[in-house]
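In: Everything below, folded, please.
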Amino acid sequence: MSNTDWDSKTVIGFKAKAPKVARNASDLNAARRTGAVVATDKKVTAGGNKARPGPDHQRIAKLDRENEVAPPPKVNASVGKAIQTARMEKQLTQKDLAQKTNEKPSVIQDYESGKAIPNPQVLGKFERILGVKLRGADIGKKLEGPKKS
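Out: Here you go, the predicted structure:
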């Protein structure tokens, strides 16, 4: 207790002044008139041409192009033709086939036009309903019943 300083005081809640950023010349001149410490920092990229990328950006873009992932393969056109011909033989509309396979009509449309990404489960449903092989070799060939031995 002997080294306690009775003359000092601590003010709670007193904030030190944070440095203010002057946005225009009048603020800067006012700070100079009051005698405040004024420091100026120049922007690193000031006045640069943003429309023309530098050589680093070109290298990065080239790396991005090299590392791009190829889009997934689409359904073969022969599969779409086989679905369409088998559906017509059974006198089913796209909507009827969609209801029987529990899929949306847009899915059947995508498969027939060759825009869909092949899904083995969906193709299996189509094979069962249409009775036509849609996967592997012999696409469009009629499916036989279970083999008798």
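
In: I108 belongs to a helix?
Out: Yes - judged by DSSP: H, G, I helix; E, B strand; the rest coil, I108 forms part of a helix.

In: Quick one, grab the pLDDT at the closest residue to it other than its chain neighbours.
Out: Counting by CB to CB, 6 or more residues apart in numbering, Q94 is the residue found nearest to I108 once chain neighbours are left out, at 4.5 Å. For the C-beta atoms, the positions are set from N, CA and C on the backbone; glycine is no exception. Q94 is assigned a pLDDT of 93 by the prediction.

In: And for Q94, the neighbour number?
Out: Burial of Q94 is recorded as 19 neighbouring residues (other CB atoms under 10 Å).

In: list the buried ones in the helix or strand where A82 lies?
Out: Assigned by DSSP states H and E, A82 belongs to helix 77-89. Of the residues in helix 77-89, those buried by neighbour count under the rule 16 or more other CB atoms under 10 Å are 79-80, 82-84, 86-87.

In: now swap in stretch 65-79 and tell me
Out: Residues of stretch 65-79 classed as buried by neighbour count (16+ other CB under 10 Å): 74-75, 79.

In: Between those, which sits nearest K133?
Out: Nearest to K133 among the buried residues of stretch 65-79: V79, at 9.9 Å, using CB to CB.

In: so the residue nearest to I108 makes contact with P105?
Out: Yes - here Q94 reaches P105: they are 5.1 Å apart, a contact under CB atoms under 8 Å.

In: on contacts alone, who are the packing partners of the helix holding A82?
Out: Packed against helix 77-89, as judged by 3 or more CB pairs under 8 Å, 6 or more residues apart in numbering; DSSP states H and E, are the following elements: helix 105-113, helix 120-130.

In: I'd like the mean pLDDT over that helix, please.
Out: Average pLDDT, helix 77-89: 92.

In: Now A30: which helix or strand?
Out: Residue-wise, A30 maps onto helix 25-34 under DSSP H and E.

In: Next secondary structure after that helix?
Out: Taking DSSP H and E, what comes next after helix 25-34 is helix 55-66.
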